[in-house]
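Q: Quick one, what's the 3D model for this:
(chains A and B)
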2 protein chains.
Amino acid sequence: MAYLDRGSTTGYGRHADSEGDASWAELAKTGKSKSHRYQEHEAVYYEGDPADKVYEVVEGTVMLFKLLPDGRRQVVEVLRTGGLFGLTSKAHQDCNAETLTASVIRSIEKREIEGSTVMQQHIAKCMLTQLETLHDHAVLLGRKSAFERVASFLMRFVPERGIVGCIGPKPSGKDESLIVLAMTRQEIADYLGLTIETVSRVISDLKRRGLITIEKQDRIRITNVCGICHLTGTH
Amino acid sequence: MAYLDRGSTTGYGRHADSEGDASWAELAKTGKSKSHRYQEHEAVYYEGDPADKVYEVVEGTVMLFKLLPDGRRQVVEVLRTGGLFGLTSKAHQDCNAETLTASVIRSIEKREIEGSTVMQQHIAKCMLTQLETLHDHAVLLGRKSAFERVASFLMRFVPERGIVGCIGPKPSGKDESLIVLAMTRQEIADYLGLTIETVSRVISDLKRRGLITIEKQDRIRITNVCGICHLTGTH
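A: Numbering: from 1, shown residues only, chains lettered A, B, ... in the order given. A predicted model of the protein is given here:
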C-alpha cells in the first residue's frame, strides 16, 4: 500500500481497507488486540483518560465529543465500521468516546503499533480521511444555515450521492433512500452545532415539503434525494 | 521517535520536532524537497489541484480554506512554522492553500515519502496534532459565542497560557502579551465562523473593557491575559 495513497475512496464512515483489516486480524491472532462488546450509549473512555490505546469500530457507531465546563456539548466525530479513534499526540485523551448503538470495539496498545509498518500506514490513511471530514465539518459549522446543516447530515447517509461523480437519481423515477440515523435529535443537534428545537423544526419542515417521511424516530426515508441535496449549500 | 508518541507537546502552531526537521533537511540535500518563497496572500494551490505533494511551512503563515459555490468562505486551518499541509487521501486537494504573510514553503513529492519511515512518522505526529486542533475548532464553531470565539482565538497566540498547566500571570503584576495576528478582520471572521462586523464589534468591546489595546491593525496587546482567558468559555 502506497503511503498517503492517492485516489483512494474511503467515503464517509471510513471503512478499513483490506490490508488494514488484515493487519488488525493478524494482531488479534497474536493476542495483541482485544475486542470488547459495548452497550448502546456506553462510554469507551473519557476526556483526560490515559491515551495508551488505539481503537477501531468493528461493528456499530461511536461518537467523539467534547464538553465545555457549563455542560455545552459538541460531537466532533461520528465513526462507523472501520473508523479509528483514540488518536492523540498527548498522554491523555482529548475527547470523550461513547457508543451510539451496541458496538464491538477492538483496541490495541500504542506500543504494539510501533512494530507494524502496515498498521502505521493504515492509521495514517484513516487520519487523512478524518482530516478531510473535519475540514468539511468546519465549513458546515462555520458557514452553513440550519437547513443546509441538516440536509448535509442526511446526505452523508446516502451512498454515492451528493459527491463528486454523483450518479444522479435512478432511471426508474423514484429517488428514494431509507436511512438509519442511529442518533437522537439531541445528538444530531450537538453534532451540527444547533439546538434540539432547531433540528426538530427543520426535520418537520422537510417532511411538510414532501422531501422526507419519518418511519421511526431514527429512521428517515428521503423521498427526494436530489431535493435534499439541493438544500446542502454545495450546489 | 515512538509512533503516536505519548506526552509530546507540540502546542498550537505545530512546530516540527527536531527529527522531522532533520529528515526534511536530509531530503533537501538529496534534492528531493524544494523550497519556494511566496508573497503575502499568494496561492500555494487551489481545491481540486493534483494532490501529489506534501508541504511544510518553513517560515511564515498559511491558511487552508474552503469555499461554498455562493462565495461563503471557511478558513479550516491556520498553519505556522513546522505545520504540514497538502495532506489528503484523495487524488485532488480538498482545500485552497494561501499564504497570510510572506512565507517560505518546502514541498516534497508524496512518492519520495514512501522510502522514509522517519518522514512518515513525522507526518503522522503532525496529523495527530491537527486532529486535536480541528476537534477544538469544532467546539469553537459549534458551541461558542462570538465573544468566546474571539477570546479563544487571541489566547492561541499567548504561549503557555490558557492550557492545562497554565503558569498564570507573572509575579510582577503585569499580565500582558503582545500578539501579531497576521490575519485581516475578514480572515479572522472566516476562521471563527463570524461576520467581519461581529469580529470588529467584539474587538472594540474588549478594548473598551480595558482587556486589550490595538497597536496596529494586526498587532494587539492583551493587557489582561487572565481576563481574556476567562472569556474563552473554558473556565
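
Q: all helices of chain A, in order?
A: A:18-29, A:110-113, A:117-143, A:146-155, A:185-192, A:196-208, A:225-229 (DSSP state H).

Q: Take the ones you listed and write them to TSV, including distance to residue B:144.
A: In this view, the C-beta of every residue, glycine as well, is placed from N, C-alpha and C. Putting those into TSV (distance: least, C-beta to C-beta, whole Å) gives the following:
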stretch	distance to residue B:144
helix A:18-29	35
helix A:110-113	31
helix A:117-143	10
helix A:146-155	16
helix A:185-192	14
helix A:196-208	17
helix A:225-229	29
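
Q: To residue B:216, which of those lies closest?
A: Closest approach to residue B:216 among the helices of chain A is made by helix A:117-143 (26.6 Å; C-beta to C-beta).

Q: buried stuff in that closest one?
A: A:118-143 (16 or more other C-beta atoms under 10 Å in any protein chain shown).

Q: how is chain A carved up into domains?
A: A:18-142, A:144-229 (automatic domain parsing).

Q: Distance across the shortest one, terminal residue to terminal residue?
A: Read it as domain A:144-229. 14 Å (C-alpha to C-alpha, to the nearest Å).

Q: That one close to chain B?
A: Yes. Using C-beta under 8 Å from any C-beta of the partner chain, domain A:144-229 comes into contact with chain B via A:144, A:190, A:192, A:193.

Q: Relative to chain B, which of the residues you listed is nearest.
A: residue A:193 (3.1 Å; C-beta to the nearest C-beta).

Q: For the closest one, grab the count of nearby residues.
A: Using other C-beta atoms under 10 Å in any protein chain shown, residue A:193 has 24 neighbouring residues.

Q: Contact partners for the most centrally placed residue in chain A?
A: What sits nearest the mean C-alpha location of chain A, by C-alpha atoms, centre = their mean, is residue A:78, with 3.0 Å. Applying C-beta atoms under 8 Å, 6 or more residues apart in numbering or on different chains, we find residue A:78 in contact with A:61, A:62, A:63, A:64, A:100, A:183, A:191.

Q: can stretch A:107-121 be found next to chain B?
A: Yes. Residues of stretch A:107-121 contacting chain B under C-beta under 8 Å from any C-beta: A:110, A:111, A:113, A:114, A:117, A:120, A:121.

Q: Please apply the same query to stretch A:80-97.
A: Yes. Stretch A:80-97 is in contact with chain B by C-beta under 8 Å from any C-beta, via A:87, A:88, A:89, A:90, A:91, A:94, A:95.

Q: okay but the fourth one is in contact with residue B:133, surely?
A: No. Taking contacts as C-beta atoms under 8 Å, residue A:90 lies outside contact range of residue B:133: 11.9 Å.

Q: Quickly list what's touching both of those two.
A: In contact with both residue A:90 and residue B:133: no residue, using C-beta under 8 Å, 6+ apart.

Q: Could you count how many residues lie near the nearest residue to residue A:157 once chain neighbours are set aside?
A: Nearest residue to residue A:157 in three dimensions, chain neighbours excluded: residue A:179, at 3.8 Å (C-beta to C-beta, 6 or more residues apart in numbering or on different chains). By the measure other C-beta under 10 Å, the count of residues near residue A:179 is 19.

Q: thinking residue A:179 is in contact with residue A:222, fair?
A: Yes. Applying C-beta under 8 Å as the test, residue A:179 and residue A:222 come out as touching, 6.6 Å apart.

Q: Give the intersection of the neighbour lists for those two.
A: A:154, A:158.

Q: where's the nearest residue to residue A:233 once chain neighbours are set aside relative to residue A:208, distance?
A: Spatial nearest neighbour of residue A:233, chain neighbours left out: residue A:148 (3.8 Å); criterion: C-beta to C-beta, 6+ apart. To residue A:208, residue A:148 is 18 Å away according to C-beta to C-beta, to the nearest Å.

Q: more crowded one of these two?
A: Taking other C-beta under 10 Å, residue A:148 and residue A:208 do not tie; residue A:148 has more neighbours (20 against 9).

Q: That one is in contact with residue A:230, isn't it?
A: No. Counting by C-beta under 8 Å, residue A:148 does not reach residue A:230; the two are 10.3 Å apart.

Q: can you pull the contacts of the spatially closest residue to residue A:195 that is not a sequence neighbour?
A: Closest residue to residue A:195 apart from its sequence neighbours, by C-beta to C-beta, 6+ apart: residue A:189 at 5.8 Å. Residue A:189 makes contacts with A:195, A:196, A:198, A:199, as judged by C-beta under 8 Å, 6+ apart.

Q: now the residues you listed in TSV, with pLDDT and neighbour count?
A: Converted to TSV, these look like this (pLDDT from 0 to 100; neighbours: other C-beta atoms under 10 Å in any protein chain shown):
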residue	pLDDT	neighbour count
A:195	98	14
A:196	98	14
A:198	98	17
A:199	97	23
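
Q: Which member of the residues you listed is positioned nearest chain B?
A: Using C-beta to the nearest C-beta, these come closest to chain B at residue A:195, 10.8 Å.

Q: about what we covered before: pull the contacting residues for the residue nearest to residue A:233.
A: The contact partners of residue A:148, by C-beta under 8 Å, 6+ apart, come to A:140, A:231, A:232, A:233.

Q: who wins for most neighbours among those?
A: Among the contacts of residue A:148, the one with the most neighbours (other C-beta under 10 Å) is residue A:140, at 23 neighbours.

Q: bridging residues for residue A:103?
A: For residue A:103, the beta-bridge partners are residue A:38 (DSSP bridges).

Q: quick one: it and residue B:73, what's the gap?
A: 37 Å.

Q: Near residue A:59, how many other residues are there?
A: 15.

Q: That one: what's its closest spatial neighbour, skipping adjacent residues?
A: According to C-beta to C-beta, 6+ apart, the nearest residue to residue A:59 is residue A:104 (4.1 Å).

Q: try residue A:215
A: residue A:221 (5.6 Å).

Q: if we can go back for a sec, just the contacts of residue A:189 now: which is nearest residue B:42?
A: Minimum distance to residue B:42 across those is 39.8 Å, recorded for residue A:198 (C-beta to C-beta).

Q: Enumerate every residue touching the closest one.
A: Here residue A:198 is in contact with A:146, A:189 (C-beta under 8 Å, 6+ apart).
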